[in-house]
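> take a look and give me a structure for this.
(2 chains)
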2 protein chains.
Amino acid sequence: MLRIPSLSGDPAHAGDIRRMAGWLAQHMQSLGLDKVAVMPTAGHPVVYGEWMGAGPDKPTVLVYGHYDVVPALMEDGWNTDPFEPVVKDGKVYARGATDDKGQLFIHVKALESYLKTAGAAPVNVKLLLEGEEEVSSPNLKPFIVEHLDLLRADVCVISDSSMRVVEEPAITHSLRGMTYIEVEVHGPTDDLHSGFWGGATHNPALALVEILGKLYNADNTIAVPGFYDDVVPLTQAEREMIAKNPLTEAQFKQATGVPGLWGDDNYTIRERVSARPTLDINGLWSGWSGPGPKTIIPAKAGAKISSRLVGNQDPHKIFDLLKSYIESITPPTVTVEVRLLTTGKPALIPFDLPEMQAASRAYEKGWGATPVFTRGGGSIPIVADIYDLMQIPVVMMGYGLDSDGLHAPNEHYSLGMFQRGIETAIVYLDELAHLPR
Amino acid sequence: MLRIPSLSGDPAHAGDIRRMAGWLAQHMQSLGLDKVAVMPTAGHPVVYGEWMGAGPDKPTVLVYGHYDVVPALMEDGWNTDPFEPVVKDGKVYARGATDDKGQLFIHVKALESYLKTAGAAPVNVKLLLEGEEEVSSPNLKPFIVEHLDLLRADVCVISDSSMRVVEEPAITHSLRGMTYIEVEVHGPTDDLHSGFWGGATHNPALALVEILGKLYNADNTIAVPGFYDDVVPLTQAEREMIAKNPLTEAQFKQATGVPGLWGDDNYTIRERVSARPTLDINGLWSGWSGPGPKTIIPAKAGAKISSRLVGNQDPHKIFDLLKSYIESITPPTVTVEVRLLTTGKPALIPFDLPEMQAASRAYEKGWGATPVFTRGGGSIPIVADIYDLMQIPVVMMGYGLDSDGLHAPNEHYSLGMFQRGIETAIVYLDELAHLPR
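Down below sits the predicted model:
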């Protein structure tokens, strides 16, 4: 499963995506699930399967997971081939180990445990595994709308999040949304010899850095006009809850290796990385980046930029604001193109729902520790969509660690946590079976 | 000759460099030159050969050329393989066609013409062909110092420059120098998930653009303190001479495709691109630049930056100024590394020397047009070194066109100009033979 490089963002890996979907379908079939199918969408397929043996008087759980991964290259700093899993010190190293192949597999194995021992699970289970989460699930919302009957359930559980330390599991009740754009500045038709044309040509790489340098104010707030307009201010009560799960400067530095902390001083570190919106440059490119010098004025320069959204921020409105602002600060000596890559809505689920509290008990019994309810800084755009479209609670039970290196080199997953995750997932199905209906 | 990808900046092409040097040596040997040798340096070898048959009472001409090229990739926008020459509409398309393989070959063919027809040339000729010009000739100066006796000559001629239009050939009497650096900003140890850490991490790509955004003042002058201190101001007389060879906004836009002109308004366009120093970003890299989105905070971000120098600017002093300034504006939330890649001194040769005037006559007779004396915006660092070390005039007789696309995709060279260049070089040797000694 980890060997298949199922990159959803790169058309060159479309075949691997199909291979991955086929592998999952075959595996689910081998466990005795029904209606197993690789179902087409306008993009990469959804893998579906269900076990409805608990009968109509028992609740139905919809498990959502994603089998696609983000890119991984040895030169990014991997110690071993990202698509050749290696087990070392009780951890498996591979792209997707924790995000999300390992975590989705916990639910498959929990169901398999029931079927192979008791012969039945205490609730009905539907598995919905998508292949476009890492490109912001552009086709899952239409898929859900089209298959509302097939997917109908009482609760949705997602394991695609993480905890700070093993003994402090976390249930995520809020996620940030996203607007992801690409900006490209164009100057001369071709790269120019910097000796012949340098001094009278506005270098597109310089123009790009001048533009990007204006994205922030001096106090590290985002300078795009209107950007914060729809952010719901944090209440004092919310800030107090967030403060129970602090993130110190020392912890932050230790986990990331940064020489110093940064951001909007009006908010705590935990608030900045979970309850406040961001604007990050995810990539830059221009001209020559190989070894040695090359004396050119590049024809163009580009950047990938993404904004994590909170509260009532609308991803498309944010795109419009970003585009207008960038175009307005682009000088007439170059041209600029601002393209929308993906969007995702932010989500906020009440944590006093019975299905949320059942998850808390499942951790206590299965994992052996009481979980905290937290706001996640990441984005699983489909959470907001499932919550809105299916009108059921979405319970995010993370089984990974913040330090698992997801989206980074040397992503890994603890085999011990994988086992405890399966045990917790087993208990959760039992807890759901006993909720008053 | 054009098929060999003799890239001097990329260690992967060291074998091609050796192959190119060997090919040239073999060709020179086949023409009957003496002392032909591929001579080692601390870097790529020098190819040497001489014909001294004119005898000691005739002057000796040292021809300098370079057989190395800058990188070329199809994806940069080449219409055909840059290392598979194609002749189309009387032009040969290939990396190095004009810079400098085609132009150095003019002198080889001029000498061959004398030897195969008259059986002798009117002057002695020494050929010095180097393989590191595109990486600023780090080893040629020590080579010249070591072989001063072997190289001794009365005049040096170099064809590695170009003219605006075919009927207006140019003799370059001034060149810009260079300081080429690499800047790398480091933040977190590895790439981070932008959802988990975004908002409290100073994104290294953002930090880099903030730093690079401070390289210029609002009036497009360079903001590095002390940068202009050693620039010799242009006299009114020099400005008038430069004005005789104007470069209009329309011409500039037509040649480059830029939407608008840029630079220091206190100087004309021609002055900006030849008689004034520059600071250009030659490359940018950070994080993800492949297809689709990747939601990371990159661990690092880098840039290649080069400055074209004039007048009395010292490349090493400029490096110190750049490094100090960049370090001084780097915030404590990231770290920065500023590395020197290459340097080259600027050069200025009086154009009233007899060898310069002989070149002018050679163009009139061989090319069929009176040349202009111009300042070149590019850099051939060795020009200043030869002038200083050998105390002989260096005559830069360009046989290329400004629009040949050197250092750019689809570099090409007119076969007609190649022929006229050979004829002009033939006449120049004759003109030199008749100079009063």
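> name all residues that make contact with residue A:208.
Shown in contact with residue A:208 (Cβ atoms under 8 Å, 6 or more residues apart in numbering or on different chains): A:183, A:185, A:284, A:286, A:301-303, B:209, B:284. Heads up, the C-betas are built off the backbone N, CA and C, glycines and all.
> could I get the average pLDDT for the helix ranked longest in chain A?
In chain A, taking DSSP state H as the definition, the longest helix is helix A:415-433. Regarding helix A:415-433, the rounded mean pLDDT is 98.
> ok, now stretch A:106-114?
Stretch A:106-114 comes out at a mean pLDDT of 98.
> got a list of contacts for it?
A:27-28, A:31, A:33, A:51, A:63, A:65, A:120-122, A:125, A:127, A:157, A:159, A:399, A:418, A:421-422, A:425-426, A:429.
> just to revisit the earlier point, in strands only, show me the contacts of residue A:208.
The members of the contacts of residue A:208 that map onto strands under DSSP state E are A:183, A:185, A:284, A:286, A:301-303, B:284.
> any chance of these in JSON lines, plus distance to residue B:200 and neighbour count?
Output for the ones in strands among the contacts of residue A:208, formatted as JSON lines (distance: Cβ to Cβ, whole Å; neighbours: other Cβ atoms under 10 Å in any protein chain shown):
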{"residue": "A:183", "distance to residue B:200": "24", "neighbour count": "23"}
{"residue": "A:185", "distance to residue B:200": "29", "neighbour count": "29"}
{"residue": "A:284", "distance to residue B:200": "21", "neighbour count": "32"}
{"residue": "A:286", "distance to residue B:200": "28", "neighbour count": "29"}
{"residue": "A:301", "distance to residue B:200": "27", "neighbour count": "27"}
{"residue": "A:302", "distance to residue B:200": "26", "neighbour count": "22"}
{"residue": "A:303", "distance to residue B:200": "21", "neighbour count": "28"}
{"residue": "B:284", "distance to residue B:200": "25", "neighbour count": "32"}
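> just flag the most distant two among these.
A:183 and B:284 (12.4 Å; Cβ to Cβ).
> now, of the contacts of stretch A:106-114, which are buried?
A:27-28, A:33, A:51, A:63, A:65, A:121-122, A:125, A:127, A:157, A:159, A:399, A:418, A:421-422, A:425-426, A:429 (16 or more other Cβ atoms under 10 Å in any protein chain shown).
> near chain B too, which of these?
Residues of the buried ones among the contacts of stretch A:106-114 in contact with chain B (Cβ under 8 Å from any Cβ of the partner chain): none.
> just the contacts of stretch A:106-114: which are in helices?
Using DSSP H, the members of these that fall in helices are A:27-28, A:418, A:421-422, A:425-426, A:429.
> just put those in TSV and tack on distance to residue B:434.
Formatted as TSV, the ones in helices among the contacts of stretch A:106-114 follow (distance: Cβ to Cβ, whole Å):
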residue	distance to residue B:434
A:27	89
A:28	92
A:418	89
A:421	92
A:422	95
A:425	96
A:426	101
A:429	102
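> show me which of these is closest to chain B.
residue A:421 (18.9 Å; Cβ to the nearest Cβ).
> all helices for the stretch 101-250 of chain A, in order.
Under the criterion DSSP state H, counting those that start in this stretch, the stretch 101-250 of chain A contains helices at A:101-117, A:140-146, A:148-151, A:194-197, A:204-212, A:236-243, A:249-256.
> possible to save the ones you listed as CSV with distance to residue A:94?
Formatted as CSV, these follow (distance: least, Cβ to Cβ, whole Å):
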stretch, distance to residue A:94
helix A:101-117, 8
helix A:140-146, 24
helix A:148-151, 30
helix A:194-197, 43
helix A:204-212, 34
helix A:236-243, 33
helix A:249-256, 21
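> weakest of these in terms of mean pLDDT?
Across those, helix A:236-243 has the smallest mean pLDDT, namely a mean of 85.
> in the stretch 1-150 of chain A, what residue comes closest to chain B?
Counting by Cβ to the nearest Cβ, the stretch 1-150 of chain A gets nearest to chain B through residue A:9 (2.7 Å).
> can you read off the pLDDT for that residue?
So residue A:9 comes in at 93 (pLDDT).
> cool, the one 10 residues further on as well?
What the model reports as pLDDT for residue A:19 is 98.
> which element is it on?
helix A:14-30 (DSSP states H and E).
> ok, for the residue lying farthest from the centre of chain A, nearest residue in space, not its chain neighbours?
Computed with Cα atoms, centre = their mean, the maximum C-alpha offset from the centroid of chain A is found at residue A:196, amounting to 46.7 Å. Of all residues not flanking residue A:196 in the chain, residue B:377 sits nearest, at 5.1 Å (Cβ to Cβ, 6 or more residues apart in numbering or on different chains).
> pretty sure the one you found is touching residue B:308, no?
Yes: under the criterion of Cβ atoms under 8 Å, residue B:377 makes contact with residue B:308 at 6.7 Å.
> can you list residues touching both of those two?
Going by Cβ under 8 Å, 6+ apart, residues that sit against residue B:377 and also against residue B:308 are A:195, A:198-199, B:176.
> grab the nearest non-local neighbour of residue A:131.
The nearest residue in space to residue A:131 (Cβ to Cβ, 6+ apart) is residue A:44, at 3.5 Å.
> wait, isn't residue A:392 in contact with residue A:60?
No: here residue A:392 does not reach residue A:60: they are 9.6 Å apart, not a contact under Cβ under 8 Å.
> overlap in contacts of those two?
Between them, residue A:392 and residue A:60 share the contacting residues A:153-154, judged by Cβ under 8 Å, 6+ apart.
> tell me the SS of residue A:362?
With DSSP: H, G, I helix; E, B strand; the rest coil as the basis, residue A:362 sits in helix.
> how far away is it from residue A:113?
To residue A:113, residue A:362 is 14 Å away according to Cβ to Cβ, to the nearest Å.
> so how many other residues sit close to residue A:89?
8 (other Cβ atoms under 10 Å in any protein chain shown).
> what residues are up against it?
Per Cβ under 8 Å, 6+ apart, neighbours of residue A:89: none.
> what parts of the stretch 301-437 of chain A come near chain B?
Near chain B, when you scan the stretch 301-437 of chain A using Cβ under 8 Å from any Cβ, you find A:301-304, A:306, A:308, A:331-335, A:341-342, A:376-379, A:402, A:405-410.
> could you check how far residue A:104 is from residue A:133?
Applying Cβ to Cβ to residue A:104 and residue A:133 gives a distance of 10 Å.
> overlap in contacts of the two?
Common neighbours of residue A:104 and residue A:133 (Cβ under 8 Å, 6+ apart) are A:66, A:160.
> show me what contacts residue A:194?
Neighbours of residue A:194 in contact, by Cβ under 8 Å, 6+ apart: A:295-297, B:278, B:280, B:282, B:306, B:308, B:407.
> neighbour-wise, which one of the shared contacts of residue B:377 and residue B:308 leads?
Going by other Cβ under 10 Å, residue B:176 tops these with 31 neighbours.
> okay but that one is in contact with residue B:311, surely?
No: counting by Cβ under 8 Å, residue B:176 stays clear of residue B:311, with 9.6 Å between them.
> give me the common contacts of those two.
Common neighbours of residue B:176 and residue B:311 (Cβ under 8 Å, 6+ apart) are residue B:346.
> what's the local residue count around residue A:85?
For residue A:85, using other Cβ under 10 Å, the count is 19.
> residue A:266 too?
With other Cβ under 10 Å as criterion, residue A:266 counts 11.
> in space, what's closest to the residue of the stretch 1-150 of chain A closest to chain B - neighbours in sequence excluded?
Here the residue nearest residue A:9, using Cβ to Cβ, 6+ apart, is residue B:292, at 2.7 Å.
> pretty sure that neighbour contacts residue A:132?
No: with contact defined as Cβ under 8 Å, residue B:292 does not reach residue A:132; the gap is 10.3 Å.
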